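Asks: Got a predicted structure here, sequence first:
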There are 4 protein chains.
Amino acid sequence: MTDYQEILDSIYSELLQQEDKGEIADYIPELAKVDPTKFGIYLNRIHEDNYGVGDAYTKFSIQSISKVFTLAMAFSNQGNKLWNRVDVEPSGNPFNYLALLEQENGIPRNPLINSGAIVVADCLLSTYDNPKAELLKFVRELANDDNIDYNVEVAASEMATGYTNFAIANLLKSFNNLENPVEDVLDFYFHQCSLEMTCEQLSNAFFPFANKGVCMQQNTCLTPTQAKRINAIMLTCGFYDEAGEFAFEVGLPGKSGVGGGIVALLPDNFIITTWSPGLNEKGNSYLGMLALEKFTTASKASIF
Amino acid sequence: MTDYQEILDSIYSELLQQEDKGEIADYIPELAKVDPTKFGIYLNRIHEDNYGVGDAYTKFSIQSISKVFTLAMAFSNQGNKLWNRVDVEPSGNPFNYLALLEQENGIPRNPLINSGAIVVADCLLSTYDNPKAELLKFVRELANDDNIDYNVEVAASEMATGYTNFAIANLLKSFNNLENPVEDVLDFYFHQCSLEMTCEQLSNAFFPFANKGVCMQQNTCLTPTQAKRINAIMLTCGFYDEAGEFAFEVGLPGKSGVGGGIVALLPDNFIITTWSPGLNEKGNSYLGMLALEKFTTASKASIF
Amino acid sequence: MTDYQEILDSIYSELLQQEDKGEIADYIPELAKVDPTKFGIYLNRIHEDNYGVGDAYTKFSIQSISKVFTLAMAFSNQGNKLWNRVDVEPSGNPFNYLALLEQENGIPRNPLINSGAIVVADCLLSTYDNPKAELLKFVRELANDDNIDYNVEVAASEMATGYTNFAIANLLKSFNNLENPVEDVLDFYFHQCSLEMTCEQLSNAFFPFANKGVCMQQNTCLTPTQAKRINAIMLTCGFYDEAGEFAFEVGLPGKSGVGGGIVALLPDNFIITTWSPGLNEKGNSYLGMLALEKFTTASKASIF
Amino acid sequence: MTDYQEILDSIYSELLQQEDKGEIADYIPELAKVDPTKFGIYLNRIHEDNYGVGDAYTKFSIQSISKVFTLAMAFSNQGNKLWNRVDVEPSGNPFNYLALLEQENGIPRNPLINSGAIVVADCLLSTYDNPKAELLKFVRELANDDNIDYNVEVAASEMATGYTNFAIANLLKSFNNLENPVEDVLDFYFHQCSLEMTCEQLSNAFFPFANKGVCMQQNTCLTPTQAKRINAIMLTCGFYDEAGEFAFEVGLPGKSGVGGGIVALLPDNFIITTWSPGLNEKGNSYLGMLALEKFTTASKASIF
C-alpha cells in the first residue's frame, strides 16, 4: 500500500534543500513582499485520508488559479453558449500575448489565459448583480470553508499597475467581445486574482473537478460532463507556455498561478496543491513543478 | 508653361463623375456624419500662385495628418533624443497593429502610426504645461491662420469609443514607454486628431516642410535637416499599409487621415491637399489617391 | 454491461445517413482518388473482445498517424535526448506553419506537426542504415501483422509536389536542425506517411500505447513512462489546430491523418480507429470526429 | 562650387581610421574570404566629372544589388503585370522572413527582398531561353562595360548552402507563385547574386535610374516612369530592416548587398557607390552607411 505521508515528507525535505527556488514575481508590488522560503503541499485523497506538509495551512494569493473557479461558474451558468466568446485551444504562447488575440479577432484562445479569463469575468458581470459576492460564495461552497476572502490591497495594486490587462480588455472591447465597461470588468478580475487560500483550501475547492462535479458536502456544482471538460481545458491550457511540458512530465490536469501555487488532480483519486513563491522562467512555481513530478513518479499517478 | 488651374479643373471634373467614392470611416461616430460628396483640392506653389477647386475652403477633420504637426513639434523640441522612444522604419502593417508593438517591446515602428503618435503626444505632455494650447498655437503659426480649432465633440466621441488606442496606450505603458497617465495622453491625442482645417489651411501649414523649415511668414519652424527628415518619414510611413504604393504611384512625401484628407509635397516646389471622405480598403481617401496620381502624372512632379 | 457492438452499429448507421461528409484532401493527387463514401470503425478492447463495422478491414493511407510510430521509434531509441531537437508544446496553429518554426529558431513545437516529424525522421536516418525497412519492421511488430506496406506511388506523388514540406525541411536545415540531406529525409518522411493500414491494423498497432508499452504479442516496445508520455503528446498535440477541441469533446489521446483516419485510446481499456476520407476545415476526418464524440458519450469513456 | 574630390578624399581618409568596420558576412563561405580592409567610393556625376577613391576599381560580389538589375529587366519586359506576383510595400522585417510570406499567401512584399527577387528571377526564366546570358548582356549594356561576369564558385557555394532561399522558393512554389522548377530558379538567382563589379561599374550601371531611363551610351533602357518607380522601390525597400533609417539619414534611393556594396543616387544629379565588406547588425555595409551619411551632409544632396 502506498504510504502517502512518507512520499510527501520525502519530497518536502528533499526540495527544502534545493538552493535554486526560482524568482518571485515582482510585477505586482504586493506579491513581491511574500516570504520566498514558504513551501507547502496538501493532498486530498477523495473519500480517503488527507495529508499536509510544511506551509500547507498558510494563505497565499491564488492569482490565475482563480480562473478555474470563474470558468466553472460561467460554464455552469451559461453552458456551451460560453464558447461563442472564448475558444478551448492551447495558446502555445506566453500568458500575456496580445498578438494572437488581435490575429484571431478578439476571440481568446482559451479561458485560462488572461484574455480568456477577462471574457469569462465579463460574462459573470452580465449575469450577477454583485459578482464579487457571488464568486466568494461559490468558492466558499466549493471549499466548504467560509474563511476565504479577497485581498483588497493586492487587487488595488494590480488595478493601478496592470497595464497589460488594461490593454487586453480594451482590445477585447474594440472587437465587441466585452459587454461591460473595461474598468468594471478589470475591477472584478483583479479581485478574483487576489483571492487568498491555503493549500488545504485549494485542494478542497478543486474536489468537484476530481469527483464528477460533486462537492465535498455532496452538493452538485457541475454536471459530470462539465467537470470532465474543465479538466480537459486545464490539461491542455493550464500552464501558459508549459502546458505540454506539464502534461508530459506530470500527466495530470492542473492550474498554476504567479503567486506560486499549483493545483493538480487525478479524477476519482485525489487533488494535490503545492505552494512555493519562486517561479521558473515560464512563470510556474519552480519547486511546485518539481514536487509534482516527484509525486506522480512515486505514486505512479497519471491520467495516461 | 504648365497651366495648373487647368490641370486641377480637369482632375476635379473627371473625378466628380466617378461613381465609386470609397467608404466613409464609421468607427468614429462623429465622422460618419460627413457629406460623402465633398471634394476639394488646394495647391500651394511655393513663392508662386496658389489654386483651389471644389470644397477646398471647407473644414474637415484632419485626423492622422495631425501626426505630422506633433512630430514636428516634438522633433524640433527634443532633437534626435526622440528616436530613443520611437523608430523611423515603415511598419508594413495595418494602422492599428498591436502585435508588432508587442514583439518590438513597446518601441513603435515610426511616429506616423497610432502607437508612435501616442508616444510623441506623451513627449509633448512632458514638455508643455498646456500642450493643447501649445499645439494649437504651433499649427496656427505654421498655417499663418488663427481660424483653426479642435472639434471637442469629435475628440469626446473618440475618447468614449477609441478602445484600440486605449489598448495601444496601455501596452506602451506596460513597456514603460509612456510617462504620463493613459487618460491624459489620449485626451491630448484625440484632441490633436480632431483638428479641423481646410485644404487651403493644410497646404499652408505644410509649407515649411517643402521650404527647408521656413514658414510662409518667414519664421524658421524647423532646421532644414529636420524638415528633410520629416519628409523622409512621410514618404516611407505616411500611408499605413499603402506607403510603398503611394511612393510608387505618386512619388511624393505625404500624409493621409481617415477624415479623407491627404497632403503631399514636392520640396522647393509645392504642397497639394485633397479632401474626399470616402476611403479605400487601406484607409486612404479613394478619390484623393486618384487625384494625386493624376496630378503628378500631368505635372510630371516627383522626387524620383 | 456495455454492449459495444450495439454502440458501434448505432453510430455507424446514424452517421452513414449524414449528408455532409467533409472534403477529401486534394493537395496530394494520389489521395484525391479515394472513395469518399468509405467509413469504418474498429475497437480493440485490451484483453477483451474486438469489434469492427463498415470498412474496418480496408486499407487506407495513414499519413500523419505515422508520426506516432516514428516518434515511438526515436523516443525508445534516443530517450530524452530527443527533446533537444523538438519541443513537446501544443502549436496552436495550422499544421504547416513556418512562421512559428522561424520564430523559435528551428526547434519545432512538437513531434506531431510536420516540422517536428521531419526532425524525428532525420533522427531515424542518423540511427539506422535502412530506416525504411526498420520502420516497416517496427510497425508490423506493433500490429502483429506482416501485411503492412508503403504505397510508393503515394510517396512519389508527395515527393514531387510537397513543396511546403521541402520549405520546412530547408528551413530546419538553415537552423542546423537537420543532419541528413533534405532529399533523403523527405524521401523517408513521405514513405512513412504513405503507409497503408486498416482500422483493425491501426488499433492493434496502438495497443502498446494503451497497455503501458507492451505489445499484443507481449513484447515490450516502450517503457511504461514512454508510453504515458507519448499519450500526453497525442492529447495536447495530436489534432493540429483542434487538439483542444478534441480533448474537450472526446477526452482521449489520439492522432488524425489527412487520409481520413483517426486513432484514439483510453489507457488500460481500449483503442478505437475510425476512417472516413472527408475532412473538416481543421483537416481532421469529419465523420471520424463525430463518431468518436458519440462513442465516448455512449461509453462514458474519458481520461478526465 | 562644391569640390567633390575633396569631399570624397576627406570621407575616405577619416573612415579608414575607423576601428570598427563591422562584420563580414560568413554565411556564404566564398564571401568570407574577402579582405576586410578593402574600401572604395566612386561618384558618377551625370553629364559631369566622375571621381574614385580607394578600392573603387576592384571587383566585389554585388549580391543583393543585382536585384535592381533583374527588377529593371522584368519590369521593362512585363510592365505592370509584374505586380500581380510581387507587391511594392516595405517589408519592415529582416531580409529572410518567411512568416510574412506565409501570412500573405506567397505574394512577396517587394522585389528587393529575397522572396520577391526569386519571383522576379522566375519571371525572367519564363521569358528568356538563356536568362543568364541575357542578364549578363543587360548589365554590360547598362554599365557600358563588357568586363563583368558571374563568379561561378560563389554561385555554387550558395547553391550548396542556401537553405533559407530553398525554403523560400519551395514556399513560393506551394503558393503557386513560381512557374519554373525550384532548382532552376535558384541556380539563376544565385548566379545573379554572384555578379562581380567594381564601384565604378556599379555607378555606371545605375546611370539610367538617375537619368530617366537613358543609359550612358544614350540607349533607352527604361521609360522615365519605370526609372522613377524603381527609385521609389529602392527608397522604401532597398535596405532590409534599415530602409527607413537610410531614407532618414541619407535621403536617397539606393540598394545594399551583403558583399559590402551600396549604390545610391540623386535623380538628374549623380550615382555614388561605396564598398567595404564589414556589415552592421542590419546587414548593410558599416563604413558604407557612414560614408553616404557624410557625403550627403557635405554635399547637401537629398531628394527631400
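Replies: Ah, there it is.

Asks: so where do the helices sit in chain A?
Replies: A:4-16, A:66-78, A:98-103, A:114-127, A:131-143, A:152-161, A:163-174, A:182-193, A:199-205, A:207-210, A:224-237, A:243-249, A:286-299 (DSSP state H).

Asks: could you give the angle of the fourth one to helix A:131-143?
Replies: Here helix A:114-127 points in a direction 110 degrees away from that of helix A:131-143 (axes from the mean of the first three to the mean of the last three Cα atoms, to 10 degrees).

Asks: Run through the neighbouring helices and strands of helix A:114-127.
Replies: Packed against helix A:114-127 by the contact rule (3 or more Cβ pairs under 8 Å, 6 or more residues apart in numbering or on different chains; DSSP states H and E) you find helix A:66-78, helix A:131-143, helix A:163-174, helix A:182-193. C-beta: built from backbone N, CA, C; applies to glycine.

Asks: Give the buried residues for it.
Replies: Neighbour-count burial for helix A:114-127 flags A:114, A:115, A:116, A:117, A:118, A:119, A:120, A:121, A:122, A:123, A:124, A:125 (criterion: 16 or more other Cβ atoms under 10 Å in any protein chain shown).

Asks: Near chain B, which residues of chain A are found?
Replies: Contact residues, chain A versus chain B (Cβ under 8 Å from any Cβ of the partner chain): A:97-99, A:102-103, A:163-164, A:166-168, A:170-171, A:173-174, A:182.

Asks: same thing but 10 Å
Replies: Contact residues (Cβ under 10 Å from any Cβ of the partner chain) of chain A with chain B: A:27, A:94, A:96-103, A:161-176, A:178, A:182.

Asks: got any ranges where the stretch 151-300 of chain A has weak pLDDT?
Replies: Scanning the stretch 151-300 of chain A with the threshold set as pLDDT under 70 gives no residue ranges.

Asks: Give me the domain ranges for chain A.
Replies: As given by automatic domain parsing, the domain ranges for chain A are A:4-63+A:197-299, A:66-193.

Asks: which one of those domains lies closest to residue B:85?
Replies: Residue B:85 lies closest, by Cβ to Cβ, to one member of the domains of chain A: domain A:66-193, at 16.3 Å.

Asks: Now do the closest one: distance to the chain's middle.
Replies: 12 Å (Cα atoms, centre = their mean, to the nearest Å).

Asks: Compute the first-to-last residue distance for that domain.
Replies: In domain A:66-193, first residue to last residue: 6 Å (Cα to Cα, to the nearest Å).

Asks: again, but for stretch A:24-33
Replies: With Cα to Cα applied, stretch A:24-33 spans 9 Å between its terminal residues.

Asks: Over to stretch A:15-24?
Replies: 17 Å.

Asks: try stretch A:235-253
Replies: Start-to-end, stretch A:235-253 (Cα to Cα) is 4 Å.

Asks: now do stretch A:99-110
Replies: End to end - Cα to Cα - stretch A:99-110 spans 15 Å.

Asks: try stretch A:32-48
Replies: This stretch, stretch A:32-48, spans 37 Å end to end (Cα to Cα).

Asks: cool, and stretch A:91-108?
Replies: In stretch A:91-108, first residue to last residue: 9 Å (Cα to Cα).

Asks: how about that stretch, does it reach chain D?
Replies: Yes. For stretch A:91-108, a contact with chain D is found by Cβ under 10 Å from any Cβ, at residue A:103.

Asks: if you average pLDDT over that stretch, what comes out?
Replies: Across stretch A:91-108, pLDDT averages out at 77.

Asks: Give me the buried positions along stretch A:158-177.
Replies: Using 16+ other Cβ under 10 Å as the test for burial, stretch A:158-177 gives A:158-159, A:161-175, A:177.

Asks: my bad, stretch A:99-113
Replies: For stretch A:99-113, by 16+ other Cβ under 10 Å, it's A:100, A:101, A:102, A:106, A:107, A:108, A:109, A:110, A:111, A:112, A:113.

Asks: Hmm, the third one is touching residue A:170, no?
Replies: No. Counting by Cβ atoms under 10 Å, no contact exists between residue A:102 and residue A:170, whose distance comes to 11.6 Å.

Asks: between these two, what contacts are shared?
Replies: B:98, B:164, B:167 (Cβ atoms under 10 Å, 6 or more residues apart in numbering or on different chains).

Asks: would a markdown table of these with distance to chain C be doable?
Replies: Below are the shared contacts of residue A:102 and residue A:170 laid out as a markdown table (distance: Cβ to the nearest Cβ, whole Å):
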| residue | distance to chain C |
| --- | --- |
| B:98 | 17 |
| B:164 | 23 |
| B:167 | 22 |
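
Asks: How about the residue nearest the centre of chain A, nearest residue that isn't a chain neighbour?
Replies: Geometric centre of chain A, nearest residue: residue A:65, 1.5 Å, by Cα atoms, centre = their mean. In space, and not counting its chain neighbours, residue A:65 is closest to residue A:257: 4.3 Å by Cβ to Cβ, 6 or more residues apart in numbering or on different chains.
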